[in-house]
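Asks: got a sequence here, can you build the structure:
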Amino acid sequence: MAITLNQTTQLITVSDDIVSIQNLLNAIRDWENKQENMDCPQVAEAAGKQVLSETSSVGVTLTLIDWKVSFGDRPSPVVCSVTDGNLVAVDGTGTPMSPIEASTNVTVMVSQSSSATMVQNAIVDDIQIQVSEVQYQAAGIQETVDDMHPELKTEHGSGLWTNRRGIFK
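Replies: Next comes the predicted model:
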């Protein structure tokens, strides 16, 4: 598999139809470590591989910094894939951008995942905020009822619908 980096175009060109995040990262680090590329800005950051248990670990997320991956133009339609991790890209200011450069006759599939724990925490936080808002509203209603004139509480609050027929049973 050939993976080449071009500083002028800021493209990482992959010759095969499938490339793993680890292979991309290895090629980037090898390119950055060459003497002639030492003065070039950093191409990417990577994070992951933290051990979760004896048999599983966190996947690798590769963040390209103002660079994109290209599979190059193809003579006939082909589906290419980036596998085994997450591929994202940001421009020079840190704004997210597409990590894939468009190529003729190429459709690229990038499988990405997020941590269920992070998603779950976000949902729980949102629910807690909603519950707090409801509790605040309920406290306001209770306060209004507590402040009612005593005659209104007894006249309009008890036994109003008792002994009614029809839908009020």
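
Asks: hey, let's count contacts and neighbours off CA atoms from now on
Replies: Fine.

Asks: just for this structure, where's the confidence low?
Replies: 114-169 (pLDDT under 70).

Asks: can you rerun that using 50?
Replies: Along the chain, segments meeting pLDDT under 50 span 116-122, 156-157.

Asks: domain ranges for it?
Replies: Listed domain ranges for the chain are 3-113, 118-158 (source: automatic domain parsing).

Asks: next up, phi/psi of residue 14, please.
Replies: Backbone dihedrals for residue 14, given as degrees, to the nearest 10, come out at phi -110, psi 130.

Asks: let's have the chain start at 37 instead
Replies: Fine by me, first position is 37 from now on; the one you just mentioned is residue 50.

Asks: that one contacts residue 109, correct?
Replies: No. Shown here, residue 50 and residue 109 do not form a contact pair, counting by C-alpha atoms under 8 Å, at 10.7 Å.

Asks: circling back: okay if I get the domains of the chain as CSV plus mean neighbour count?
Replies: Converted to CSV, the domains of the chain look like this (neighbours: other C-alpha atoms under 10 Å):
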stretch, mean neighbour count
domain 39-149, 16
domain 154-194, 11
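
Asks: for the protein, which segments count as helices?
Replies: For the chain, the helices defined by DSSP state H occupy 57-69, 152-182, 186-193.

Asks: any idea how far residue 135 is from residue 90?
Replies: Distance, residue 135 to residue 90, using C-alpha to C-alpha, to the nearest Å: 32 Å.

Asks: start and end of stretch 73-90, how far apart?
Replies: Start and end residues of stretch 73-90 are separated by 38 Å (C-alpha to C-alpha).

Asks: likewise for stretch 108-122?
Replies: 21 Å.

Asks: can you list contacts of that stretch?
Replies: The contact list for stretch 108-122 (C-alpha atoms under 8 Å, 6 or more residues apart in numbering) reads 49-58, 95-98, 107, 139-149.

Asks: with stretch 47-55 instead?
Replies: Contacts for stretch 47-55 (C-alpha under 8 Å, 6+ apart): 37-42, 103-108, 114-119, 137.

Asks: same thing but at 10 Å, please
Replies: With C-alpha atoms under 10 Å, 6 or more residues apart in numbering as the test, stretch 47-55 has contacts from 37-42, 60, 63-64, 79, 100, 102-109, 114-120, 135-137, 142, 144-145.

Asks: kindly report the same for stretch 67-74.
Replies: 39-43, 61-63, 66, 75-80.
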